[in-house]
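[1] Got a sequence here, can you build the structure:
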Amino acid sequence: MTAVGPIAIHRRGVSLTDLEFVEERRVGVRRRADGRAGLGHPFAREPLLRRMLAVADVLAALTVSAALALSEAGFAAAAWSAFFVPAWVLLAKLFGLYDRDHRALRHVTADEVQSIFLWALTGTGALTLFLHATPAGNLPPMSTVLAWVVGSGAALLLRSGTRLLWRATTPPARTLILGTGPLADATRRKLELFPDIHVKVVGARAEFTLDELENLNGQLKGVDRVILASQALDEARLTRLVAVCRRQRTRLSVVPPARGMFGTAVHLTHVAELPVIEYNTWDAGRSTLLLKRAVDVAFASIALVVLSPVMATIGLAIRLSSPGHATFAQTRAGMHGRPFRMLKFRTMVVDAEARLGEVVSLDDLTEPMFKLRRDPRVTRLGRLLRRTSLDELPQLVNVLKGEMSLVGPRPEQIELVERYTPAQRFRLEAKPGITGPMQVYGRGELTLEERLAVEREYIENLSITRDIRILALTVATVLSGRGAY
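    Predicted coordinates for the structure are as follows:
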C-alpha cells in the first residue's frame, strides 16, 4: 500500500484513511435528513453558484438602470427599466450563462466574454422596445449605447467577483486521479497551475481492471470528481467507469491518452451519432488577420491617449528612483524572426545588459529560455512594475507600428531564438504580443515545454474571440501577480 496525500491507495480499491476527510465526508457530503445535499457536495455547490450568478446579473441590470438615470434618458426610463430586470435574467438563461460551469473542468468568466457581449446587446435591444411601450418613451441613441457598455462591463466584473466569492466560501471538489505516468503528472501539474479549477487532489490510483472498477464503486461517495488520465484506456473500461460515476453522482473528466493524436488544433464534430475529429491544418483567414490588426490599432491608439498620464507618472518615478532613461529598447525577434526594437519601461539598472553574464550564461543554458526569480539587476520600483506588468505599456507603440500585436507569443531575445530547434521555431509564425497564452496560463512558472504547448495551441487556433478571452484573462492574471518576477 502506498499513501498519496490523504488517501491510502490499495491494490484493489481506495481506502479513505484521513480522519479529517472522513469527518467532512460524514457531515458535508452525505445527504441530510430533509433530502438536500450539504455544501460539500457538488450537486449543492453548483446550484449555489448558479443562484449567485443570477444575483450578479440582477445587480448588473440594476447598474444599467442607474446609468440610464444619470444619462439623458432620465429617471423615468431608469425607473421603468427596473421592472425589466427579470427579463435580463431570463435572457442570461437562454444564452446558457448559468449552465457552463459544471460542464467543464475549468470555466472562468473570460470564457463568457463573447456571450456576455451578445447577452448585453440583446438585453439592450429588448429594453429599448420595452421602454418604447411605456410612458418613458424612446431611449436616446447614446443612452442605448451606454446601456450596452455598462451592462457588459458590470456583468463581467460582477460575475468575476461572484466566482471568486464562491471559491472562497465553498470547499474545493475532492478529486481522485486515475492513472499514472506522464499523463497523470501533466494533469496534476495543470491543477496546480490553475487554482481557479477549485479542486483538491485527495488521491491517485494506478491502472485498473474491470473487476477493480466494481470495487471502486462503493468508495467514491467521498469523492466529488474523478479525472481519468490513463495511458491504457479502452472503450469497455471507460463505459464501466461512466456507469460507476453516474451511479455515485461523481463528476468524470477524461484526459485523452494519445496527446499527439488529439493535439491542440482539433475539433470534435458529429455526423449523426458518429464522432469525427477535424484537424485544423489551414492558416488564419485574411479577414481574421485584418480584423485583428484593426483591433490592435484601435485599442492601442485609445490606450495610449487614456493611459498617457499614467505612463508619464511612471516615467517620472523611474527617473527619480534611479539614474538613466525611463524607457528601454531591446532587440527582439518578431514575426518570422525579423528583429525589431521592443520598448519597455526600464526596470533594471542602467548597465543591466553588460552585467547579464553575472547572473546567467547563455552558452550554458540547457534550453533557449531563462527567467530569474530574484534578478539582482532589477530595481525596487522595477519589481513593482514587473509584478503589475506596467513596464509593458510602451509596447503599445510597437503595436501601432505593426511590429507587435496586443495578443501573441511573447517576443524573445535574438540570442535565444538563434538556439531554437526547427520544431521550436513555429512560435515565430505569429506576430509577437504584449500579452499572450504564456502570460495567462502560468507566466514565469511555466517550463519551456509548457510554454511552447500553450503557444502552439494559440497559433493553431488563432481567432479574434480567443484574443478577447486572453485579454480578459490578462486582467485577472495581472491583479493576482502570480508567476511575475
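
[2] can you list the domain ranges for the protein.
    Using automatic domain parsing, the domain ranges for the chain come out as 2-11+172-262, 42-169, 286-480.

[3] Can you lay out the ones you listed as CSV showing mean pLDDT?
    Shown next, in CSV, are the domains of the chain (pLDDT from 0 to 100):
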stretch, mean pLDDT
domain 2-11+172-262, 75
domain 42-169, 92
domain 286-480, 88
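
[4] how about the helices in the stretch 301-450 of the chain?
    Assigned by DSSP state H, counting those that start in this stretch, the stretch 301-450 of the chain shows helices spanning 308-321, 356-359, 380-388, 395-400, 414-417, 437-440, 448-460.

[5] just the ones you listed: most buried one?
    helix 437-440 (a mean of 23; mean count of other CB atoms under 10 Å). Using the backbone N, CA and C atoms, a C-beta is placed for each residue, glycine as well.

[6] which residues sit against it?
    389, 409-410, 446, 451, 454-455, 457-458, 470, 473-474, 476-477 (CB atoms under 8 Å, 6 or more residues apart in numbering).

[7] Tabulate those residues in a markdown table, adding columns for distance to residue 56.
    Listed next are those as a markdown table, based on distance: CB to CB, whole Å:
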| residue | distance to residue 56 |
| --- | --- |
| 389 | 27 |
| 409 | 34 |
| 410 | 33 |
| 446 | 31 |
| 451 | 34 |
| 454 | 29 |
| 455 | 33 |
| 457 | 30 |
| 458 | 29 |
| 470 | 23 |
| 473 | 19 |
| 474 | 21 |
| 476 | 16 |
| 477 | 21 |
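
[8] Report the two of those separated the most.
    Spanning the widest gap among those are 389 and 457, at 21.7 Å by CB to CB.

[9] In this structure residue 429 contacts residue 334, no?
    No - Residue 429 is beyond contact range of residue 334, at 11.4 Å (criterion: CB atoms under 8 Å).

[10] The two: who's more crowded?
    Per other CB atoms under 10 Å, whichever of residue 429 and residue 334 has more neighbours is residue 334, with 21 against 16.

[11] Now that one. Nearest residue, chain neighbours left out?
    residue 340 (4.6 Å; CB to CB, 6 or more residues apart in numbering).

[12] number of nearby residues for the nearest residue to residue 462 once chain neighbours are set aside?
    Of all residues not flanking residue 462 in the chain, residue 284 sits nearest, at 4.5 Å (CB to CB, 6+ apart). For residue 284, the count of nearby residues is 16 (other CB under 10 Å).

[13] Helix, strand or coil: sort out residue 284 for me.
    Under the three-state scheme (DSSP: H, G, I helix; E, B strand; the rest coil), residue 284 adopts coil.

[14] I'd like the numbering to begin with 414 instead of 1 from here.
    Shifting the count to begin at 414 puts that one at residue 697.

[15] got the phi/psi numbers for it?
    phi -60, psi 140 (degrees, to the nearest 10).

[16] pretty sure it contacts residue 877?
    No - using CB under 8 Å as the test, residue 697 is too far from residue 877 to be in contact (9.8 Å).

[17] Return the residues in contact with residue 537.
    Counting by CB under 8 Å, 6+ apart, the residues that residue 537 touches are 477, 557, 560, 561, 564.

[18] which SSE is residue 556 in?
    In this assignment (DSSP states H and E), residue 556 forms part of helix 554-582.

[19] Which elements pack onto whichever helix or strand comes after that helix?
    Once the chain leaves helix 554-582, the next helix or strand it forms, by DSSP H and E, is strand 586-591. Counting contacts by 3 or more CB pairs under 8 Å, 6 or more residues apart in numbering; DSSP states H and E, strand 586-591 is packed against helix 595-606, strand 612-618, strand 638-641.

[20] can you map out the strands along this protein?
    Taking DSSP state E, the strands of the chain run over residues 415-417, 420-423, 426-429, 586-591, 612-618, 638-641, 664-667, 679-684, 687-692, 740-746, 752-758, 818-820, 846-848.
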